[in-house]
Structures are given as structure tokens and as C-alpha cells.
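# Pasting the sequence and the predicted model now:
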Amino acid sequence: MNYRTGIIAAMESEFRDLADSLEHDSSEKIAGREILYGTLEGENVALILCGCGKVNATHAATLMACQARISRLLVTGVSGGLAEGLKVGDVVIGDSFVQHDMDARPLFPLHEIPFEGFSVIGSDPELRHLLAGAARSMLDSSRPPGLGQAEVLEGLVISGDQFLSSQEARNRVLTNLPKACAVDMESAAIAQVCRAAGIPLGVMRVISDSADGSAHIDFAKFVEESASKACAETVRHALRALAR
């Protein structure tokens, strides 16, 4: 029976807080990944640390769908900001996802997944609404350091196996996807797995940089001390709502 909420994070610093809070029942290691099972905020959950990149993300999402038998999936972590006016610390809730490095032209249109007939994958509306509310509750109740002026918005999250670290790379991506709000290396791949498996997906990302190499913060310190706490607390608020 499917009844668990799955939770995926790419980096250990994003994963640790939730794993440490888990009322742990069991774990299993399969295909090189460990899945943790237990309860968190009264909700049955399965947690997995996927690692960075689309292959790792697909691997982890497939394990969650087939082995952990989840009924929904939440993805949490940091991303680069792309939308005009977006600032470090803002929270983006993904409403749709595209692989910005998918390019099988001239056989298929830019970004279209070959033989699938689509490029854009939407998130689950209920989970999107849930995460947006949870992120606002997090900011209202326990705003971590570094998120003093943070806001919550919804938008297109794009993914690719490239860390965008220059204005040139950022502009190149935005030329083809001008509505992109945030960029990461996992969400769109996870979305493709969830679409195939019929699993509702919700994604929240804390903006850690502007995807152009101009960040004036210590990335590792921000992720460890600010973003990871915001991610974990948002997930907790969402799980409390689900458990009610």
C-alpha cells in the first residue's frame, strides 16, 4: 500500500537536519543508495540523499517510486536564481519544470524529451499550494539568518547537468527559457520520473546565488547555516499540514 511521503535532497547539508529529526523505524540500502523510513511531524516518510545531477536524481526518484512505495514526493534544497528581482534567501516553489540542456535538434524541438512529446512537466497543484503555505509559515515563525527579506514565489524551475556560474551561461539559458525562475541540477529529472510513475510532486528551492558567478556570500556557509534550516523547517510545516 502506498502511504508514505517521500523526501529527496541533493546535498548532505540539506538532508542532515531532516534525517536527524526522523523517528527512525528502519533503513535499507539498494543500488548504492540508503532509504530511511520513519515518522516526521506525525507523517510516515521515506528520506533519500540523491547527490547532484540528473542521473543521481533520476536514480533516487526511481528507487523512491518503486522501492519505498511513496504516495507523494517533496524535493528540497538550494538553487540559482534567474527571475529578475529574485534575491538570495527567497523561496521558489516550482510550478513546472524543464531540462534546459535537453537538445535533440533537429530531430526534436529544443527542450523536448525525445519520443515523449513534451518538454514542460507541471507540479502537483495541491503540493505546490501546500509548500507555498509551508514556506510562508517558516518565514513567519522561524526565519533563519540570511533570509531577513526573503519572499515566497512560484515559477518555472529548470534543470541541467551544468552549474551556471557566469553571466554568459545565465543569459544563454534565459534566451531560450525567459520565464525561468530558478535553476538546479535535479528537479526536472525527478519530475519526469514522477510523471511516468503517477506520483504527485512538490518542489521548494531556496535561492543561494544568481547563477552568474557574482554571489557575495560564502555559499557553503549560507547553505549550512541558512538555506538548509529553511528547507528543513518548510518541510516540517508541510508534513504537519499533511498529518492533520
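Okay, I see it.

# can we go C-alpha only for contacts and neighbour counts from here?
Will do.

# which stretches of the protein have low pLDDT?
For the chain, applying pLDDT under 70 flags the ranges 1-2, 213-217.

# Run the chain-centre distance for the longest strand seen in it.
Ranked by number of residues, the top strand in the chain under DSSP state E is strand 70-81. In this view, strand 70-81 has its centroid 2 Å away from the chain centroid, taken as Cα atoms, centre = their mean, to the nearest Å.

# Stretch 194-203 now?
The answer for stretch 194-203 is 12 Å, by Cα atoms, centre = their mean.

# tell me which residues in it are buried?
194-195, 199-203 (16 or more other Cα atoms under 10 Å).

# Which elements pack onto the longest strand of the chain?
Counting by 3 or more Cα pairs under 8 Å, 6 or more residues apart in numbering; DSSP states H and E, the packing neighbours recorded for strand 70-81 are strand 4-9, strand 180-184, strand 201-209, helix 228-243.

# Run me through the strand neighbours of the second one, direction for each.
Right, the one you point to is strand 180-184. Applying DSSP bridges, strand 180-184 is found paired with strand 70-81 (antiparallel), strand 152-159 (parallel).

# now do the third one
According to DSSP bridges, strand 201-209 has the following sheet partners: strand 70-81 (parallel), strand 91-99 (antiparallel).

# after the shortest one comes which helix or strand?
Note on strand 91-99: by DSSP states H and E, the next helix or strand toward the C-terminus is strand 121-122.

# chain center to that next one, what's the gap?
Going by Cα atoms, centre = their mean, where strand 121-122 is centred and where its chain is centred differ by 13 Å.

# Stretch 55-74 now?
13 Å.
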